[in-house]
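> Take this sequence and fold it.
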Amino acid sequence: MSTSNTTQKYNEDQLWTDVETGGLADMTTLPTGERVYGALHHPLLEVGILLPRQFDNGIISLNNSVCPSFNLGIKVTEEMLTRFDPWALKQHTKSGLLERLKTGEGFDYFAEDNLDAEAAILDFLHSNNVKEFNREEGTGAIALGNNISFDMQFFDAQLPRVRAYMHYRKADVSSINVMARTRLWKHVQLNGVDKALNHTALEDIRESVLEMNAYTSQINNLLWYKQQANELGIVSDMDKCLSDA
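Residues are numbered from 1 along each chain as shown. Prediction:
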């Protein structure tokens, strides 16, 4: 088996993001029996964005002075409260997010509605030189995060211009977590990090970055050991299998 280096490399603008919502994104059944698409039905409440700075070894800095971040809340109306899933209503009441979404306290921007939120997010991206993704050139915004498809579903349904600004592909840290737990990568023994799971957007992003840093650090160590083995002329069973294939 041969490997190829012809895969296009991206010159991407990494955009780590997380959203808080009034429910899940998939099809859901209401108490009335009606089936609805969750990402359209449940309200979008909070959007967090972090623009990282990365070292040459792949480790991402979380230094606030060099990593611009944006925390946006969307004003909650009485009508929006009727579209909450019971679990989400309980969780966001407990965390204090719902109370903050009535006053706007603690947000970088407090949007009146989704259109206002969409404009504010795009303005933040433009002001920080995050380019719209260009597929031909492989440049511009790519979204990263944990369970990132969930966030993209809500963007697509409620903030379509924000979703269109990013590559249709995205990088999901959760996929690494799942693969590390299965037989696919279990032998690699990648370890994640403990999380507080506070369900606030920027805190969830920071935990995702710390998890990615943990995986990157462990992979860097594996590469270092492989380099040392190569310099000593040690060939692993896997290398033999690949060269014979």
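> Which pLDDT value goes with the residue nearest the centre of the chain?
Nearest to the geometric centre of the chain sits Gly145, at 1.7 Å (Cα atoms, centre = their mean). According to the prediction, Gly145 has pLDDT 95.
> what is it paired to in the beta sheet?
Asp172 (DSSP bridges).
> so who does it touch?
16-18, 151, 170, 172-173, 204-205, 208 (Cβ atoms under 8 Å, 6 or more residues apart in numbering). C-beta here means a position set from N, CA and C on the backbone, and glycine is covered the same way.
> In helices only, show me these.
151, 173, 204-205, 208 (DSSP state H).
> Just put the contacts of Gly145 in CSV and tack on pLDDT, neighbour count and distance to Leu232.
Below are these laid out as CSV (pLDDT from 0 to 100; neighbours: other Cβ atoms under 10 Å; distance: Cβ to Cβ, whole Å):
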residue, pLDDT, neighbour count, distance to Leu232
Trp16, 96, 27, 39
Thr17, 97, 26, 44
Asp18, 97, 25, 44
Asp151, 97, 27, 45
Lys170, 93, 16, 40
Asp172, 94, 19, 37
Val173, 92, 21, 34
Asp204, 91, 25, 43
Ile205, 92, 23, 41
Ser208, 91, 25, 37
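> List just the nearest of these to Glu99.
Among the contacts of Gly145, Asp204 lies closest to Glu99 (Cβ to Cβ), at 18.8 Å.
> Which residue is the nearest non-sequential neighbour of the closest one?
With Cβ to Cβ, 6 or more residues apart in numbering as the criterion, Asp204 has its nearest non-adjacent residue at 4.4 Å, and that residue is Asp18.
> do Asp116 as well
The nearest residue in space to Asp116 (Cβ to Cβ, 6+ apart) is Ile74, at 8.0 Å.
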